[in-house]
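K.L.:
what follows is a predicted protein model with its sequence.
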Amino acid sequence: MIAASLLKEIKLLSRDLHGLAVLFVMPIAFMLIMSLALSRDEDPQSGSRIALVGKAGDSVNTAFAAALQKERMAVSLMPPEKLKEAQQGLHEKRFQLVLHNPNQAGGKLAESLPLDIYVPPDTEPSWLAAVKGVLRQHYTETRLNAYFDGNSGISIDNKQLPKRVRDDIQKKVDEKNAEQFDAVSAFLKQNMLQDHYLSAAGTAVAKPNAVQHSVPAWLIFGMFFIMIPLSNVMALERQTNTITRLRLARAGAAGLVAAKLLPYFLINQLQFAGMLLLGRYLLPEIGVPALLLNGGWPLYALLSAAVSAAALGYALLVSVAAKSTEHAVVLGGGGVILMAAVGGIMVPAHVMPEAMQQATWFSPMSWGLKAFQELLLNRSGLNGITLYLQLLAGFAAVTLLLAVWLYRRQLQTQVRF
């Protein structure tokens with residue numbers, strides 16, 4: 001009896017290829033992608049592109065840049081009059097950070113001003129914290145070396161001098177040492193780095209909070225799961241032979257697809273608006289910073305429509321291609337998770353190896369996330385998100401055309417009388 005039951009289960013499993021795919025193929029694919037995404041073993045600051053703006057020929061700036069280059073950071077030395085040009089390079093992606101040193105090597109240590117750090121608002125906080133630690137360490141070392149080079153103190157070693165003279169000299173040495181110690185102590189207590197966040201227009205903006213960094217990713221991730229209810233409806237149509245009645249009614253494939261997508265498009269918009277409202281009003285009630293939008297609603301509505309179109313195109317293509325609900329879950333749900341893993345939703349792109357960072361451009365979720373960050377964090381206008389809107393619209397057009405073509409074939413070939 002047990003042997004017969006075991007044989008039966010093995011036969012059933014062999015027929016359920018979709019279930020086996022969920023058990024084996026999807027975990028393996030997810031494991032490979034996440035392992036690659038987290039395989040970078042270099043320090044976060046390695047490869048960072050920095051513009052160091054300061055007085056030309058300044059010994060501290062030169063030594064400082066050399067120390068940063070030893071940390072495998074790409075440093076460009078620029079004179080003070082090119083500060084605006086360096087800041088413009090932030091949003092042109094030539095630099096990730098601009099560091100302005102207003103001090104001079106010969107200046108008094110006690111009168112040192114903080115170094116100004118300029119970054120785009122969409123800068124990843126963990127990366128910025130790592131880079132600031134390196135900047136603080138090497139600037140402190142370089143600046144103190146320059147200070148002691150110019151303040152070598154008093155050195156007396158002559159036993160032939162009278163004791164009174166030696167005592168007087170020692171007193172002056174002690175005073176000099178105490179003066180240097182106080183100057184160094186005051187310098188180390190100063191705020192050495194001062195952050196400035198620059199919008200796409202080059203204006204200073206407030207530091208983004210953690211909610212503004214995280215909510216857009218999960219909002220876009222959720223919108224792509226519209227494929228689950230849509231695929232269930234499509235599978236139900238095939239099971240109940242509704243597709244036959246639609247064909248007998250001489251309904252066109254394009255018209256049927258449009259009628260199907262409109263309700264789900266509206267659901268996506270409600271989902272988008274609902275998440276934003278929850279972020280704005282619910283999160284503060286539980287002690288989390290509110291999700292504050294920058295810019296007007298029309299651009300967010302346009303972005304929401306583009307993301308929804310891409311999500312619905314993918315959902316419809318999967319729903320039409322799938323032969324059952326289980327098949328749709330494997331293709332659709334698994335595909336959504338893989339797109340999220342590749343697209344920087346689950347793992348921030350900046351922690352990935354360079355090859356994986358380039359691979360994020362193949363994920364529609366990445367396009368939506370980048371566009372959202374341009375609006376919410378960098379405060380870009382329509383020009384800042386045009387490329388991402390075009391990519392989303394192109395993906396939607398291709399997937400919808402393929403879905404309509406497959407659906408038309410099904411209407412012609414799967415009709416039963």
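P.N.:
Arrived safely, thanks for sending.

K.L.:
and residue 217, what does it touch?
P.N.:
Residues counted as contacts of residue 217 (Cβ atoms under 8 Å, 6 or more residues apart in numbering) are 344-345, 369. Glycine gets a C-beta too; all of them are placed from N, C-alpha and C.

K.L.:
I'd like the average pLDDT over the strand or helix carrying residue 326.
P.N.:
When elements are assigned from DSSP states H and E, residue 326 belongs to helix 325-328. What helix 325-328 shows for mean pLDDT is 72.

K.L.:
other SSEs contacting the helix or strand containing residue 228?
P.N.:
When elements are defined using DSSP H and E, residue 228 is found to belong to helix 227-239. Contacting helix 227-239 under the criterion 3 or more Cβ pairs under 8 Å, 6 or more residues apart in numbering; DSSP states H and E are the following elements: helix 242-248, helix 253-277, helix 297-321, helix 325-328.

K.L.:
can you give me the angle it makes with helix 253-277?
P.N.:
150 degrees (axes from the mean of the first three to the mean of the last three Cα atoms, to 10 degrees).

K.L.:
quick one: contacts of helix 227-239?
P.N.:
Defining contact as Cβ under 8 Å, 6+ apart, one finds that helix 227-239 is touched by 242-243, 246, 260, 264, 267, 311-312, 314-316, 318-320, 322, 324-325, 328-329, 332-333, 336, 414.

K.L.:
list the buried residues in it.
P.N.:
Of the residues in helix 227-239, 227-228, 230-231, 234-235, 237-238 count as buried by neighbour count, 16 or more other Cβ atoms under 10 Å.

K.L.:
repeat that for stretch 268-276.
P.N.:
For stretch 268-276, burial by neighbour count (16+ other Cβ under 10 Å) applies to 268, 271-272, 275-276.

K.L.:
go on, stretch 125-138?
P.N.:
The neighbour-count check on stretch 125-138 (16+ other Cβ under 10 Å) flags 127-128, 130-132, 134-135, 138 as buried.

K.L.:
same deal with stretch 359-371?
P.N.:
Along stretch 359-371, the positions that meet the burial threshold by neighbour count (16+ other Cβ under 10 Å) are 359-360, 363-371.

K.L.:
now the strands for the chain?
P.N.:
In the chain, strands defined by DSSP state E lie at 49-53, 74-78, 97-100, 115-119, 193-198, 204-205, listed in chain order.

K.L.:
single out the most deeply packed of those strands.
P.N.:
With neighbours defined as mean count of other Cβ atoms under 10 Å, the strands of the chain peak in mean count at strand 97-100, which reaches a mean of 24.

K.L.:
how many other residues sit next to the closest residue to residue 79 other than its chain neighbours?
P.N.:
The shortest distance from residue 79 to any non-neighbouring residue, by Cβ to Cβ, 6 or more residues apart in numbering, is to residue 56 (4.7 Å). Other residues lying near residue 56 total 11 when counted by other Cβ atoms under 10 Å.

K.L.:
from residue 201, how far off is residue 56?
P.N.:
Look at residue 56 and residue 201: by Cβ to Cβ, to the nearest Å, they are 29 Å apart.

K.L.:
return the distance of stretch 370-389 from the chain's centre.
P.N.:
Computed by Cα atoms, centre = their mean, to the nearest Å, the chain-centroid distance of stretch 370-389 equals 13 Å.

K.L.:
using CSV, write out every CA atom in it.
P.N.:
Coordinates of the C-alpha atoms in stretch 370-389 are reproduced here as CSV (Å, rounded to 0.1, in the frame of the first residue of the first chain):
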residue,chain,number,x,y,z
LYS,A,370,15.3,55.7,-11.1
ALA,A,371,12.5,57.9,-12.4
PHE,A,372,10.8,58.0,-9.0
GLN,A,373,14.1,59.0,-7.4
GLU,A,374,14.7,61.7,-9.9
LEU,A,375,11.3,63.2,-9.0
LEU,A,376,11.2,62.6,-5.3
LEU,A,377,14.9,63.1,-4.4
ASN,A,378,16.7,65.0,-7.1
ARG,A,379,13.6,67.2,-7.8
SER,A,380,14.0,66.8,-11.6
GLY,A,381,11.4,67.9,-14.0
LEU,A,382,10.0,66.1,-17.0
ASN,A,383,13.4,66.2,-18.7
GLY,A,384,15.0,64.2,-15.9
ILE,A,385,12.6,61.3,-16.3
THR,A,386,12.0,61.3,-20.1
LEU,A,387,14.4,58.5,-20.8
TYR,A,388,12.9,56.3,-18.1
LEU,A,389,9.3,57.0,-19.4
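
K.L.:
for that stretch, which positions count as buried?
P.N.:
Of all the residues in stretch 370-389, those buried under the rule 16+ other Cβ under 10 Å are 370-380, 384-385, 388-389.

K.L.:
from these, pick the one nearest residue 292.
P.N.:
For those, the closest approach to residue 292 (Cβ to Cβ) belongs to residue 376, at 8.7 Å.

K.L.:
quick one: that closest one and residue 212 touch, right?
P.N.:
Yes. Counting by Cβ atoms under 8 Å, a contact exists between residue 376 and residue 212, whose distance comes to 5.7 Å.
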